[in-house]
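Visitor: got a structure for you, letters missing:
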């Protein structure tokens, strides 16, 4: 029997991605504290946030539905580059990414009545060199302010990327292979499953 699924996310991109794997779900926003804790590795941090989002929606509504939470971070070395707080911060983030390869980590957490499971997708993205005029022109487009790392791979910033290794959908915010695997293992009806 298929389990009803709730996506614990405000992201329209995650909604679009989840629709691609032909699963029925509803969307609910998970409001959590996304502060990085001292000593947390980027991997531990992003996995904790994904799980907390799913737990928050499940507990707030006191439901037995399967809940899927997800979180995405951009990491340069060991430095986590979050969503920019203002334009100057966005400029500084894009300057850091310019001409370098960084990691995009997306964790997904699925909570069902039986268990909680987490998967982590790690991809590498390489940027071309970005000069100040290009950064300013990009920021004027308004795409970067609510995005980890101050860019959207599915948007205007795609033209700055010289190489990708890993999951394109993971970089967008919901790795579909890993998501499908988690949902299938939980018995949730998907495209091609009876």
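Guide: Here it is on my side, so go on. In this text the structure is predicted, and so the values were computed from the model without any measurement. Residues are numbered from 1 along each chain as shown.
Visitor: Determine the longest helix present in this protein.
Guide: When the chain is parsed with DSSP state H, its longest helix is helix 42-61.
Visitor: ok now it, how far from the chain's centre?
Guide: With Cα atoms, centre = their mean, to the nearest Å as the basis, helix 42-61 stands 12 Å off its chain's centre.
Visitor: immediately after that helix, which helix or strand?
Guide: strand 66-76 (DSSP states H and E).
Visitor: Neighbouring strands - and their directions - for that next one?
Guide: Strand 66-76 has the following strand partners under DSSP bridges: strand 5-8 (parallel), strand 79-81 (antiparallel), strand 101-111 (antiparallel).
Visitor: what's the burial count for residue 88?
Guide: 10 (other Cβ atoms under 10 Å). The C-beta positions use only the backbone N, C-alpha and C, and glycine is treated the same way.
Visitor: Ok, the one 3 residues further on next?
Guide: The burial metric for residue 91, expressed as a neighbour count using other Cβ under 10 Å, is 19.
Visitor: same deal with residue 41?
Guide: 11.
Visitor: Please apply the same query to residue 31.
Guide: Quick note: residue 31 (other Cβ under 10 Å) scores 11 neighbours.
Visitor: ok so it is a strand residue?
Guide: No: secondary structure of residue 31 (DSSP: H, G, I helix; E, B strand; the rest coil): coil, not part of a strand.
Visitor: Spatially, what comes nearest to it if we skip its sequence neighbours?
Guide: residue 56 (7.0 Å; Cβ to Cβ, 6 or more residues apart in numbering).
Visitor: residues in contact with that neighbour?
Guide: 8, 30-32, 69 (Cβ atoms under 8 Å, 6 or more residues apart in numbering).
Visitor: ditto for residue 116
Guide: Here residue 116 is in contact with 51, 54-55, 109-110 (criterion: Cβ under 8 Å, 6+ apart).
Visitor: Same question for residue 121.
Guide: Residue 121 touches 105-108, 166-167, 170, 175, 177-178, counting by Cβ under 8 Å, 6+ apart.
Visitor: Relative to residue 65, how far out is the residue nearest to residue 31?
Guide: Per Cβ to Cβ, to the nearest Å, residue 56 is found 14 Å from residue 65.
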